[in-house]
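**Q** with the sequence up front, the predicted model follows.
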Amino acid sequence: MRFRKHILLSVLMGGLIYFGGCVDHAAEDEQALEQLRLDSLAQAESEGVLFDAYIADPENGINADDVVVQDDGVRRVVWNPSTSVRVPEFNDIVSVHYVGKFTNNEVFDTTNPQVAKESDSLNYVDIGISFDDLLAKSDKTYEELLDSLNTSTGAISDPVFTLNRIYVPMAFNHQADGTGISFSFILGFRSGLRNLMLEMEMNSKGLIMIPSAVAYGTVGSAFDAEGNQNIPPNTPLIFEFELVNIRP
């Protein structure tokens, strides 16, 4: 009988210890979740300040009254030509050039070769290398010289232009729900571009400002083979678009 009492007491004590451990663990999880919530709110607020400053900068040519804020926090604006040529209809194949930037207007990706070349050339000037002088003394073409510099020891960090890339506009099927846009793109890119297509016309330009929460989040983009990360964690992004073709 005494043996059974000891067993019962051991089971009860074990259950209390286990239950107590669960309660403490749950409390810790709740605190961690609350901290994540507070951190995300603080991050969103700081990014909102960056976007407001970007809009207010006259060099960016944005009228604050024209900016639309989406439910997911993405902001967008469209500049349509004075004379409407054609608007995309659902199931049309549309082609857009895009330029991906940070909020300081540093370019990190583009489908436009001219933008890629100009961005890298200016970055070389910033570090004291005159690309035009080098080109005048070289027997290489503009593209060959720039690619050679970008793959050399003294290359700028994160060059945009490479001869190995074929620069063509991004083409996709214009659908009301945006499913024609590849899911390989980040969420904010897809939602922003989908809504831009409802407002843009042929030859018009649009811009979206993507909070990090719907970009690469707290992790950032994947690391490349050299261990470089193109998009750091908690980084808001800017994308500019130009609608260059519409095909039924």
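**A** That came through, no problem. None of these values were measured; they are calculated from a predicted model.
**Q** the strand or helix carrying residue 78 pairs with which strands?
**A** According to DSSP states H and E, residue 78 maps onto strand 75-79. Each strand paired with strand 75-79, and its direction, by DSSP bridges: strand 68-69 (antiparallel), strand 205-210 (antiparallel).
**Q** quick one, which of those strands is packed in tightest?
**A** strand 205-210 (a mean of 24; mean count of other CB atoms under 10 Å). No exception for glycine: its C-beta is placed from N, CA and C like everyone else's.
**Q** so which residues make contact with it?
**A** 51, 54, 62, 74-79, 186, 188-189, 192-193, 196, 199-200, 236-243 (CB atoms under 8 Å, 6 or more residues apart in numbering).
**Q** still on that earlier bit, closest to residue 104 out of the strands paired with strand 75-79?
**A** Residue 104 lies closest to strand 205-210 among these, at 13.1 Å (CB to CB).
**Q** CA-only coordinates of that closest one, as CSV, when you get a sec.
**A** Extracted as CSV, the C-alpha positions of strand 205-210 are listed here (Å, rounded to 0.1, in the frame of the first residue of the first chain):
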residue,chain,number,x,y,z
LYS,A,205,6.1,54.9,-65.8
GLY,A,206,5.3,53.7,-62.3
LEU,A,207,7.1,53.3,-59.0
ILE,A,208,6.5,51.2,-55.9
MET,A,209,8.0,51.4,-52.5
ILE,A,210,8.1,48.0,-50.8
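**Q** buried ones in the helix or strand that it is followed by?
**A** On the C-terminal side of strand 205-210, the closest following helix or strand by DSSP H and E is strand 237-247. Buried residues in strand 237-247, defined by neighbour count with 16 or more other CB atoms under 10 Å: 237-244, 246.
**Q** what's the answer for stretch 41-57, then?
**A** 43, 47-48, 50-51, 54-55.
**Q** now do stretch 67-75
**A** Buried residues in stretch 67-75 (16+ other CB under 10 Å): 67, 73-75.
**Q** again, but for stretch 158-168
**A** Neighbour count says stretch 158-168 has 158-161 buried, by 16+ other CB under 10 Å.
**Q** returning to that earlier point: ok, the buried residues of stretch 41-57 vs residue 107, which is closest?
**A** Distance to residue 107 across those (CB to CB) is lowest for residue 54, with 14.6 Å.
**Q** one step back: could the buried residues of strand 237-247 be laid out in JSON lines, adding pLDDT?
**A** Below are the buried residues of strand 237-247 laid out as JSON lines (pLDDT from 0 to 100):
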{"residue": "237", "pLDDT": "98"}
{"residue": "238", "pLDDT": "98"}
{"residue": "239", "pLDDT": "98"}
{"residue": "240", "pLDDT": "98"}
{"residue": "241", "pLDDT": "98"}
{"residue": "242", "pLDDT": "97"}
{"residue": "243", "pLDDT": "96"}
{"residue": "244", "pLDDT": "96"}
{"residue": "246", "pLDDT": "96"}
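**Q** show me the two of the residues you listed that sit farthest apart.
**A** Between any two of these (CB to CB), the greatest distance is 25.8 Å, for 237 and 246.
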